[in-house]
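Engineer: sequence and predicted structure below; questions after.
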Amino acid sequence: MSDRDIALAVIGGTGLYKLADLQDVETHQPVTQYGAASGPIRIGTLAGHRVAFLARHGEGHSLPPHKINYRANLAALQALGARRVLALNTVGGITERFGPRVLACPDQLIDYTWGRISTICEEPGTEVLHVDFGEPYTRALREAVLAAARGAGVDLVDGGCYGATQGPRLETRAEIARLRRDGCDLVGMTGMPEAGLAREMGLDYACLGIVANWAAGAGPDPDEVITLQDVLDNVAAASSGLPDLLRALLAG
């Protein structure tokens, strides 16, 4: 890998609109065959490596989950030289291990979204791909992320199933009960089609789920009312070890 190669691309979710530790930042706004990305891609240096960052919802959180151009986001990162993508997803916790302020690295997902363009095989004349998606996250990258967390002393839950819902509204208690019965541990709105598209594009892809709150009806107090400030505080606490984790991942 040369000094100009991008060692890692990070896609930030709700509450994570920049990587504060990036140095010597350049701004890129490539337009892809799928259109424009969610916003500018910031490329800078972190721990001696070039890292790209893209805010999935836009830097001003202007894009709801179903309006994000997931294909353009990934294609833009790929065009700039990214081969490994670490997705940061703000999520709700469903099962006991995944309470607020937990950082998790899921190994499975279930897609409940609808109406989103979910493949690069959409346009007439494109090759039809039937990619293997039994393991939706790249095993080697997941293992590297888990090893980096251990090396950096960052608490990271290994495994879990991410349920991707349509949004932008939150889920009903009955919907969360269904997700629990289906085997989901986490719920979010942006996990798909992003993971599937990354597989089609040949990108290594892993997810860090940042648990902001208990999902509806979950947790020790199912009647608890969560405020926006609670969510922001929990995201900040859960992601506090992220800079050390990223440095360890880049050094690995």
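Structural biologist: Okay, I see it.

Engineer: and the strands in the stretch 151-252 of the chain?
Structural biologist: Using DSSP state E, counting those that start in this stretch, the strands of the stretch 151-252 of the chain run over 157-158, 161-164, 186-188, 204-214.

Engineer: can you check which of the ones you listed gets nearest to residue 121?
Structural biologist: Residue 121 lies closest to strand 204-214 among these, at 17.8 Å (Cβ to Cβ). C-beta: built from backbone N, CA, C; applies to glycine.

Engineer: adjacent strands (with direction) for that closest one?
Structural biologist: Looking at strand 204-214 with DSSP bridges, its partner strands are strand 84-93 (parallel), strand 103-105 (antiparallel).

Engineer: can you say which of the ones you listed is packed in most?
Structural biologist: strand 84-93 (a mean of 25; mean count of other Cβ atoms under 10 Å).

Engineer: now render the strands paired with strand 204-214 as a markdown table, adding mean pLDDT.
Structural biologist: Formatted as a markdown table, the strands paired with strand 204-214 follow (pLDDT from 0 to 100):
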| stretch | mean pLDDT |
| --- | --- |
| strand 84-93 | 97 |
| strand 103-105 | 98 |
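
Engineer: mind checking which of the strands of the stretch 151-252 of the chain is nearest residue 82?
Structural biologist: Counting by Cβ to Cβ, residue 82 lies closest to strand 204-214 out of the strands of the stretch 151-252 of the chain; the figure is 9.5 Å.

Engineer: average pLDDT across the closest one?
Structural biologist: Strand 204-214 shows an average pLDDT of 97 in the prediction.

Engineer: please compute how far that strand lies from its chain's middle.
Structural biologist: 6 Å (Cα atoms, centre = their mean, to the nearest Å).

Engineer: cool, stretch 153-164 as well?
Structural biologist: With Cα atoms, centre = their mean as the basis, stretch 153-164 stands 12 Å off its chain's centre.

Engineer: just to revisit the earlier point, out of the strands paired with strand 204-214, which comes closest to residue 205?
Structural biologist: strand 84-93 (4.8 Å).

Engineer: how distant is that closest one from the center of its chain?
Structural biologist: 3 Å.

Engineer: and the strands of the stretch 151-252 of the chain as TSV, adding mean neighbour count and distance to residue 9?
Structural biologist: Output for these, formatted as TSV (neighbours: other Cβ atoms under 10 Å; distance: least, Cβ to Cβ, whole Å):
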stretch	mean neighbour count	distance to residue 9
strand 157-158	16	22
strand 161-164	26	19
strand 186-188	29	19
strand 204-214	26	10
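
Engineer: for those strands, give me CSV that also has distance to residue 252.
Structural biologist: Formatted as CSV, those follow (distance: least, Cβ to Cβ, whole Å):
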stretch, distance to residue 252
strand 157-158, 16
strand 161-164, 24
strand 186-188, 25
strand 204-214, 13
